[in-house]
Structure formats: structure tokens, C-alpha cells
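*Asks:* Give me the fold of what follows.
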Amino acid sequence: MFLFQLLNLFYVASKKEEEENASKHDLSLYKRGDLLEVPRTMFTHFGIYLGDNRVAHLIPDILPVISTNESAIAKMITNNRLLLGVLAKVASVRVDSVEDFAYGSKILINHMDRVCSQPPLDGDEVARRAEKFLGSVTYSLLWYNCEHYVMYCRYGMSISYQTYQFCTTVRKIVCSRKSAYLTALCGVGALLCAGCVTPLTVLATLFISFTIWMAA
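*Replies:* Coordinates of the predicted model:
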């Protein structure tokens, strides 16, 4: 019982802290067409400020797939809903308040202007593009996510630096000499254990290892 009360107090304190953080957002800092970004779970989430405490953002959400309750769907998307939406590859471009968009985190404004070689479009044009795509969209974690959406709206090109960094990291891990050695050893071990050592299986194992070696 004591542990349950302690966990409950921790939960209440965390929710209170999130609400206090959310109330600190100064709307006078944001202009129509600004690109907003916040850290969320394991990645950074992006949105376009439309004005009047409204943010358009592309966000995965599993709830529309399993429910038709519009009032529930309209509520702030929790991390659980988001992550399940990522797995199901379902998302929508929706409009939320700054507080709901931030989800208790601090907001960076137009941080992408520093790293993007393309100058931003006019603020009204950015917001117009953001509003054009409201509704359900096809979602892909690597090929069309929230960053692709805001980059197109603000700069006119659909790219994702997060995706690029992720793919670069994976390439360094997979396409390395150590990976080639390990693949060859695992392949030989699997063939010996399975007792199916034939010219075709050996050739396939060597081909995979050789491909990784050449890509390294």
C-alpha cells in the first residue's frame, strides 16, 4: 500500500510538473509560419505555428484506427498512442494547442534555419502549406515523418535530418569490416550446425559477407 501511494504521489508530481512546464510557453514568441520543435521520447517532434495558439503537426496515432470517438481522438496524443501509431504506420496532420504539442517540453523556434541551406518561405505561405495537408496521411518513420512535413512547408523540400543521421549510423554499424567478419563466421557456424553445407549455401554466405565488406 505504501509503495502504491508513493507511486501515485510520483505520478501526480510528474503531471503537475508537466502542466507547469506547459503553462510557461509565451505565445508572443511565436509568429505564423514558425517551425517549432520539441524533444519527445526517442526523437524530436516538429510542427508549424499557425497563430492563435494553434500548431499544425504530422503525428502518428493509433486511436483513429480502433475508435470513432471524435472527442477522444481530439485529445492530446500520448506517447503510447504515438508509438503504437508508428508501428501501425498510421498518422494524421492535425492542429493542437501549443501546450498539447509541446507535451510538457521546451520548444525551440526555427532551429532548422541554422542547418538548412534553403531560406525559409514567407510565414503565411508556410502556414498555408501546413493547413493544406490536414487530415489522414500515409506515414513512414524513415521516408515521411513529421520532419519531412515541416521541412516541405517551411523550405519547400521534404527531407529529414533525423532520418539521414539514423541511416548513416546504421550504415556505419552494418557496413563495417567487423560486421563482414561476424556475418561470415555466423554463416559458417549456422551451416555447420544445420548440416547443410552445399556449394550453393557456402556461395550465398560468402556473397553476403563480400557485399558487406565492399560496402564498408
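
*Asks:* From here on, just use CA atoms for contacts and neighbour counts.
*Replies:* Noted.

*Asks:* Could you state which residue of this structure sits nearest its centroid?
*Replies:* When Cα atoms, centre = their mean is applied to the chain, the residue found nearest the centroid is Phe43 (5.4 Å).

*Asks:* contacting residues for it?
*Replies:* Each residue near Phe43 by Cα atoms under 8 Å, 6 or more residues apart in numbering is listed here: Gln162.

*Asks:* for it, phi and psi?
*Replies:* Dihedral pair for Phe43: phi -150, psi 180, per degrees, to the nearest 10.

*Asks:* now stretch 39-51: mean pLDDT?
*Replies:* Averaged over stretch 39-51, pLDDT sits at 89.

*Asks:* er, stretch 124-141 I mean
*Replies:* Taken as a whole, stretch 124-141 carries a mean pLDDT of 94.

*Asks:* same question, stretch 178-191
*Replies:* Mean pLDDT, stretch 178-191: 70.

*Asks:* all strands of this structure, in order?
*Replies:* Applying DSSP state E to the chain gives strands spanning 35-40, 43-51, 54-60, 90-96, 108-109, 135-138.

*Asks:* And stretch 127-140, how far out from the chain middle?
*Replies:* The chain centroid and the centroid of stretch 127-140 are separated by 16 Å, computed with Cα atoms, centre = their mean, to the nearest Å.

*Asks:* and the end-to-end length of that stretch?
*Replies:* This stretch, stretch 127-140, spans 23 Å end to end (Cα to Cα, to the nearest Å).

*Asks:* list the buried ones in it?
*Replies:* Judged by neighbour count (16 or more other Cα atoms under 10 Å), stretch 127-140 contains these buried residues: 127, 129-131, 133, 137, 139-140.

*Asks:* Inside helices: which ones of those?
*Replies:* Among the buried residues of stretch 127-140, the members found in helices (DSSP state H) are 127, 129-131.

*Asks:* Would you mind giving those residues as TSV with distance to Ile208 added?
*Replies:* Formatted as TSV, these follow (distance: Cα to Cα, whole Å):
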residue	distance to Ile208
Ala127	48
Arg129	45
Ala130	44
Glu131	46
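
*Asks:* which of these lies closest to Leu82?
*Replies:* Ala130 (20.0 Å; Cα to Cα).

*Asks:* I'm done for today, thanks for sticking with me.
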